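1. quick one: sequence and predicted model below, then my questions.
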Amino acid sequence: MAAGNGVEELAWSPGSAPRPPPGLEAKLGSLVLLLFLPLAFGLAPLCCFRQPPSSADAGSPVVLSLVSCFAGGVFLATCLLDLLPDYLSSISAALEGLRITLQFPLPEFILAMGFFLVLVLEQVALAQQEPSSPCSSSSSVPEESRALLPPGSIQSASPPPGAGARGAVRAGLLVLALALHAVLEGLALGLQEAEGAVLRVCLALLLHKCAVAFSLALKLLRGRLRPPAVAACLLLFAMMSPLGVGLGTVVAAGAGPRQRLCRGVLEGLAAGTFLYITFLEILPQELGVPQHRVPKVILLLAGFALVTAILFIKI
């Protein structure tokens, strides 16, 4: 037995193949789900609408809005009860391992930087796609078209003649902003070690990404993009979270103190992303619409309660 253990230890020495990351099977399953389910939801409008949908007949906004509120509750609970405690514990252990004593609140600062990173990138991208003149934008945008898309991303349902190229650029910038979101969201999943944590983060991301993919497809179709271009944008968007999962898994495999510090920093940035999506993207847009306030609050609490129950019973 001793010799066998010695051989096993040599097999996992630094010069040999790396040890499989914790929760690898759950991460691989989550990666597949995060790729194909949002892609399927995004391609659904291409199959449902023979013509680009107008703002008056687009999809099922009430269902999307309610799903978004449920996803907001899941995001909030996942961030406050799962990601934040793990992040603070991880970065504290990494700083202690490196014997670094701080007078500055570095963990909280990293969290804020994750929040501002997404805020700045998204606002710069959205500023580039806004109409150049106030008269070219719609003054009354239907409430349902705002669901699950970043603030300021909604344009007029009937673009003026000659705006096709500009609309394509704006659509590309919108997809880029959402793709940056998706990479950081996937990073949060890839950095998790426990299988239960991986599944909880995967649930939150699936709810959010599927609804966003459906809304994004409607948005691109209203912008008069051709179906092949819409499908390419959706494929790019769907691939970003799996990319983040892969990057996070590679970083989480590191065992040295510096690798643990790097992982802690990335966890903080990812947790800041969850805060941004919850408090600046989902809740203001959904709760700011006067219709269905009580069902939205109930579903928000239900999403929070679901993650709380999962954490309580240690699934």
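-> Cool, got the structure. Residues are numbered from 1 along each chain as shown.
2. ranges for the helices of the stretch 151-300 of the chain?
-> Defined through DSSP state H, counting those that start in this stretch, the helices belonging to the stretch 151-300 of the chain, from first to last, are 164-190, 195-222, 227-252, 257-276, 283-287, 293-313.
3. C-alpha coordinates for the last one, CSV please?
-> Output for helix 293-313, consisting of C-alpha atoms alone and laid out as CSV, is shown next (Å, rounded to 0.1, in the frame of the first residue of the first chain):
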residue,chain,number,x,y,z
ARG,A,293,-45.6,44.1,-9.8
VAL,A,294,-46.9,41.5,-7.2
PRO,A,295,-46.1,38.4,-9.4
LYS,A,296,-42.6,39.8,-10.1
VAL,A,297,-41.9,40.3,-6.4
ILE,A,298,-43.2,36.9,-5.6
LEU,A,299,-41.0,35.3,-8.3
LEU,A,300,-38.0,37.4,-7.1
LEU,A,301,-38.4,36.0,-3.6
ALA,A,302,-39.0,32.5,-5.0
GLY,A,303,-35.7,32.6,-6.8
PHE,A,304,-33.9,33.8,-3.7
ALA,A,305,-35.7,31.2,-1.6
LEU,A,306,-34.7,28.4,-4.0
VAL,A,307,-31.0,29.1,-3.7
THR,A,308,-31.3,29.6,0.1
ALA,A,309,-33.0,26.2,0.4
ILE,A,310,-30.4,24.5,-1.7
LEU,A,311,-27.6,26.0,0.4
PHE,A,312,-29.5,25.1,3.6
ILE,A,313,-29.9,21.4,2.8
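4. select, out of the helices of the stretch 151-300 of the chain, the one closest to Pro107.
-> The closest of the helices of the stretch 151-300 of the chain to Pro107 is helix 257-276. By Cβ to Cβ, the value is 6.4 Å. In short, each C-beta sits where N, CA and C put it, glycine included.
5. for the closest one, buried residues please.
-> Burial within helix 257-276, assessed by neighbour count using 16 or more other Cβ atoms under 10 Å, is assigned to 257, 260-261, 263-276.
6. so for Ser92, which of the helices of the stretch 151-300 of the chain sits nearest?
-> That would be, of the helices of the stretch 151-300 of the chain and by Cβ to Cβ, helix 257-276, which comes in at 8.2 Å.
7. what's in contact with that closest one?
-> 75, 78-79, 83-84, 86-87, 90-91, 93-95, 97-98, 107, 110-119, 181, 184-185, 187-188, 191, 204, 248, 251-252, 254 (Cβ atoms under 8 Å, 6 or more residues apart in numbering).
8. what do you get for stretch 85-97?
-> With Cβ under 8 Å, 6+ apart as the contact definition, stretch 85-97 has outside contacts at 101-102, 106-107, 110-111, 192, 197, 257, 260-261, 263-265, 267-268, 271.
9. what count of nearby residues applies to Leu280?
-> Leu280: 16 surrounding residues under other Cβ atoms under 10 Å.
10. per-residue pLDDT, it?
-> Here the pLDDT value assigned to Leu280 is 84.
11. then the one 10 residues further on?
-> According to the predicted model, the pLDDT of Pro290 comes to 80.
12. ditto for the one 4 residues further on
-> For Val294, the pLDDT comes out at 91.
13. how near is the closest residue to Ala252 other than its chain neighbours to Cys79?
-> Counting by Cβ to Cβ, 6 or more residues apart in numbering, the nearest residue to Ala252 once its immediate chain neighbours are dropped is Leu191, at 5.1 Å. When distances are taken as Cβ to Cβ, to the nearest Å, Leu191 and Cys79 turn out to be 14 Å apart.
14. need the overlap of contacts for those two.
-> Between them, Leu191 and Cys79 share no contacting residue, judged by Cβ under 8 Å, 6+ apart.
15. so how far is Phe115 from Leu299?
-> In this view, Leu299 and Phe115 are 24 Å apart by Cβ to Cβ.
16. same question, Leu203
-> With distances defined as Cβ to Cβ, the gap from Leu203 to Phe115 amounts to 22 Å.
17. equivalent analysis for Ile277, please.
-> Look at Ile277 and Phe115: by Cβ to Cβ, they are 10 Å apart.
18. neighbour-wise, which of these two wins?
-> For Ile277 versus Phe115, the count of surrounding residues by other Cβ under 10 Å is larger for Ile277: 26 against 21.
19. what about the residue nearest to that one when sequence neighbours are not counted, how many neighbours?
-> For Ile277, ignoring the flanking residues on the chain, the nearest one in space by Cβ to Cβ, 6+ apart is Phe75 at 6.0 Å. By other Cβ under 10 Å, 31 other residues sit near Phe75.
20. which of the helices or strands spans Phe75?
-> Mapping Phe75 onto the secondary structure by DSSP states H and E places it in helix 61-77.
21. who touches the strand or helix carrying Leu35?
-> With elements taken from DSSP H and E, the one containing Leu35 is helix 24-48. For helix 24-48, contacts defined as Cβ under 8 Å, 6+ apart pick out 21, 53, 59, 186, 189-190, 192, 195, 198-199, 201-202, 205-206, 209-214, 216-218, 221, 227, 230-231, 234-235, 237-239, 241-242, 245-246, 249.
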